[in-house]
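Undergrad: no sequence on hand, only this structure:
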């Protein structure tokens, strides 16, 4: 399989068809990040397309992070948190869920297919689930091909989050 | 050195060469052997399945006779060696067997004491005569003769009082002392099938074939044995066992090789009884003989 | 093709047999058997056996008399003691095989003209008669009783043995033959007394 | 030397790539990665080393910090959850702030999960690049020091809980032991003998039980449950709910005259302790050695509760003591503890779930636990092993692995069944002389004296049939099977199927997590495996710790365990709790949030979102303020703030943006 790096140019625009989807993951420390660690210790093999950013709680994930990722050439964003009711901080994952719903609508406006943004609940014990989710997402994104942004530049972050509808935060 | 000697039936028949060479060797070493007065068959492994307790009594009779002679009892035949030892064990382990055996001995006016030490010639050679004394007496070293030492089952199992059960070396050491080269022989304690060649021929033959093949594969020029039945099986059925490769390998009693080295004349060591003439081999190896 | 029921109902088990085996000389430890199969693995004959020694141990201690006594295994045993030496639970398997052979002979659990029991019988007769074994005579007696034709196959070898003086028809015998007979009889009578 | 703590000076970054032996080096081109890192902006040195976590590895970092005046460190090795503390320590010892470190997880997240070296290396490069860009922005932070309360809460009064409680109490610290049942003792109290020594369970357990009941440092609350847990390590606030037992515990002296006097002369209701094998009255003592020795009333059974027309002979009998209180209600109590030990135990597999074995259909099919009661001297038959009709069984079949090692029910081996089956086989044979058949798949006897016990059973003439039982039924195919329960199984060692007619069948049921394990773990904020066993922090190196600091687990709630293992674990958990208490203080991660007042619009959105009500609105300034003591650092508020005026330490917006862009920017 050819390496994605060479085939993608600075501005995140994909130059060749063989490009592998590049996915940014935001995993919460207590469940999904641990699950990914467990997948490691269990030597479970999965697609190398996801780059994980660790946050304490999925509740920390600001929609702007997601938009920023797409703006800078990510073909997909994967958010991983604790199962409903299992949040280490009681309800962070609910807030995350609420934001994700609204964010999906926003992404539509930018013509970003829904498969490109995914929210998954993966508990610390579900090492194999990490594989299933990532492999599935990579498969889907391969079919979709690289992300072509209609209004790419507009997405690029400008300090505050004015592109994001107010209610998203609430 | 003086020992009571228990030949057993085979050494009077198919195993005559064993007895002849054995007596010659110990004579040459200055060890006196006195045949046990009016000994009887030990019962071997065959009688047990017919009448277990009787077989112990049969063995006990010999032991009691030997005890009277007040000397260790040498039993060259592996089967005899096993049965005599075993009888002593069982009489000790099972008082009721002891009781029966005692009664039987009583009835024929023999003392109950059967606690004589039963010993194998190899044991005596190693521990009483000693390898140095043996070396000193060697006149025709077996230099360069590649020998596979085949111990078979019953000399080492289940009672290996003087050697290692899984990897016996007593015969190796004795023959090396005579200048022979011992080849690697992984099946040295495997079974030759015993009487099975007679009763279930094809199965017996397979076991024999395995033993001969391994000896050949490891470059042995002769096989040394400690048991009349093993010797017979390995020697008598070589043609039958031959497949693509034909077997033609002298199968001798270790005592015959000793006799050779100690300068005993060939037909005083029973070589004339072999099916395979040893002389060409000795000539080829430039081993002198009387 | 004739189908027979192979499932065993408990009533077909013979607990007395299981008890007997655990009381024979060498059978004391059969119950300790772990069924590890080391006996079968170390047995030089197991590749020809209908039941491996391991399986025979289990069938015996569970009391499946028919299966055990009609099994070829007990006759194939050459008493090489490999199994007994290796057994992790120190079970005297070889001795058990003798006990089973004896029992099988007493209850005639073997094919007609089957050489091994015949050999055992002839062997014992000869000892009773002369106190020693004369191999030549023993071999002939056995062949006559089992497979006379094999004598012919054997004759070539026999001839060589005669020529080399390793087969002598002269009867080996003990002087005090009466002692042997008494010895054997007394054993029997004493055993019976002890049993009582 | 440039001041590492001055944000204006350009950062000087050191990057360190670990081989982790071959764990990383085998899948990632480490030299290439280090070389690549060296070329990234602001990186002064980039090195590779076999084991970064080793002393020489750390020394390497410390040296560079001193020699090259490094101000920021990136370590690419294993998961930060593994070695972050190690490397932070290295930074501190070299004189710079612990939080100037960023770890890159190239083992668990790269080398162990990918196979293609090219791809793995590329991924590692992206991650390192992101870390380098992020670490530039790291600010100096200090850990918060909080006091630890010495009191310990132990949840569950089985042998594990009892042992943990006593160990801690004996060290002079106060323990709250909360047990859901009206008495402590757990499963062990049901047993007659324990394997392999066959010493009497009661003889070794009851002394410990009474010790708990009378220990000055132990507050024992039975018939009570933990309702809520708040706070953090060292400072947990726990709400305990007392179920009404309709007896004033302080007044009841356990004389049981009330039970004697009850209008019901005979027991009528299934006796929970004897698993329904005997009957009890509406007012009862769970069992003779119960601790505490306090009776309780079953409102479902008591006439007074149903019709209010009872003669209340019990109250008369109690007389002046006035211990009976029909009006008693559930009450809640709040306690402060520094740490918590969860030892909530297990439940046994519900035998009827395996229909082929006829549990609940044939009266003489018992579960092993029921038989434990039957063989127990203080059990319903006072130790006599008899069938429901009072006769003694002559043939008994014990079926191992019921519910265990089975993908239709539970996949795991329950670990104790082989041994307790052997124990029951021995006891049954000893007391009835019956023929006993054990049906097993594998005989598992790992433990001191366990294999020897198996050997003993073999010698005792118990039958061992290797084969999983297919069916227990009552249809005969042979006269000898008439009126018997026939067990059908292949005797795989004999090589044929056998039918064995028995009078009694014992189902050796496996161990399962408590049915409410999932609620319990939420309560204590710990995780559990897919099956429901509580998850230890590390299977080998932190077997009794959880991912929540100050919460420990002991006994079979973590996985099937026998008594010795449970006690050993309880001891370990107790030691952990005591070590924590003796440390007096604990340091908390500084990942708290803070408000940038100038930017705050005072919209109060954050106030509602914070689960810990750690954010207050300051009227004077009309701005929000975070109470850092209450803040647990989830960062939800930071993500929620519409004006982006809340930041979370070490997870600031800028830091994360840099990380995102670092991942996606190509050098």
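TA: Looks like it arrived, so ask away. Since this is a predicted model, take the numbers as computed values, not measurements. Residues are numbered from 1 along each chain as shown, chains lettered A, B, ... in the order given.

Undergrad: domains in chain B, by residue range?
TA: B:2-119, B:131-285 (automatic domain parsing).

Undergrad: end-to-end on the longest one?
TA: Across its full length, domain B:131-285 reaches 24 Å end to end, with CA to CA, to the nearest Å as the criterion.

Undergrad: swap in stretch D:331-344?
TA: By CA to CA, the extent of stretch D:331-344 from end to end equals 22 Å.

Undergrad: now do stretch D:537-545
TA: Termini of stretch D:537-545 sit 5 Å apart (CA to CA).

Undergrad: what's it in contact with?
TA: Contact with stretch D:537-545 is made by D:536, D:546, D:547, D:552, D:553, D:554, D:558, D:569, D:572, D:573, D:576, as judged by CB atoms under 8 Å, 6 or more residues apart in numbering or on different chains. From N, CA and C alone the C-beta is placed, and that goes for glycine too.

Undergrad: switch to 6 Å and redo it
TA: Outside stretch D:537-545, the residues within contact range by CB atoms under 6 Å, 6 or more residues apart in numbering or on different chains are D:536, D:546, D:547, D:552, D:553, D:554, D:569, D:572, D:573, D:576.

Undergrad: next, count neighbours for residue 123.
TA: You didn't pick a chain, so chain A it is. Neighbours of residue A:123 under the rule other CB atoms under 10 Å in any protein chain shown: 23.

Undergrad: my question was about chain D, not that one.
TA: Per other CB under 10 Å, the neighbour tally for residue D:123 reads 27.

Undergrad: likewise residue B:280?
TA: 10.

Undergrad: could you pull up phi and psi at it?
TA: Per-residue torsions, residue B:280: phi -50, psi -40 (degrees, to the nearest 10).

Undergrad: may I see the contacts of stretch D:537-545 organised as a markdown table, with neighbour count, distance to residue D:39 and secondary structure added?
TA: Output for the contacts of stretch D:537-545, formatted as a markdown table (neighbours: other CB atoms under 10 Å in any protein chain shown; distance: CB to CB, whole Å; DSSP: H, G, I helix; E, B strand; the rest coil):
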| residue | neighbour count | distance to residue D:39 | secondary structure |
| --- | --- | --- | --- |
| D:536 | 22 | 42 | coil |
| D:546 | 23 | 42 | coil |
| D:547 | 20 | 38 | coil |
| D:552 | 34 | 47 | strand |
| D:553 | 30 | 47 | strand |
| D:554 | 36 | 52 | coil |
| D:569 | 27 | 51 | helix |
| D:572 | 17 | 48 | helix |
| D:573 | 32 | 50 | helix |
| D:576 | 19 | 46 | helix |
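
Undergrad: about what we covered before: could you export the domains of chain B as JSON lines, including mean pLDDT and distance to residue D:236?
TA: As requested, the domains of chain B are exported to JSON lines (pLDDT from 0 to 100; distance: least, CB to CB, whole Å):
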{"stretch": "domain B:2-119", "mean pLDDT": "95", "distance to residue D:236": "68"}
{"stretch": "domain B:131-285", "mean pLDDT": "94", "distance to residue D:236": "64"}
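
Undergrad: hmm, back to that, which of the contacts of stretch D:537-545 has the weakest pLDDT?
TA: Within the contacts of stretch D:537-545, pLDDT reaches its minimum at residue D:547, with 86.

Undergrad: ok, that residue to residue B:202 distance?
TA: Separation of residue D:547 from residue B:202 (CB to CB, to the nearest Å): 69 Å.

Undergrad: what do you get for residue B:54?
TA: Distance, residue B:54 to residue B:202, using CB to CB: 32 Å.

Undergrad: these two - which one has more neighbours?
TA: Shown here are residue B:54 and residue B:202; by other CB under 10 Å, residue B:54 has more neighbours (26 against 9).

Undergrad: check contacts around that one.
TA: Taking CB under 6 Å, 6+ apart as the criterion, residue B:54 is in contact with C:184, C:187.

Undergrad: so it is in which element?
TA: Element membership of residue B:54, judged by DSSP states H and E, is helix B:52-69.

Undergrad: next structured bit after that helix?
TA: Note on helix B:52-69: by DSSP H and E, the next helix or strand toward the C-terminus is strand B:73-74.

Undergrad: so residue B:165: helix, strand or coil?
TA: Following DSSP: H, G, I helix; E, B strand; the rest coil, residue B:165 is assigned to coil.

Undergrad: please name the nearest non-neighbouring residue to it.
TA: Distances taken as CB to CB, 6 or more residues apart in numbering or on different chains put residue B:156 closest to residue B:165, at 5.1 Å, once the chain neighbours are dropped.

Undergrad: tell me, how many residues neighbour that neighbour?
TA: Neighbour count for residue B:156, taken as other CB under 10 Å: 27.

Undergrad: returning to what we had before: return the member of the contacts of stretch D:537-545 nearest to residue A:143.
TA: The nearest member of those to residue A:143, counting by CB to CB, is residue D:547 at 37.1 Å.

Undergrad: alright, that wraps it up for me.
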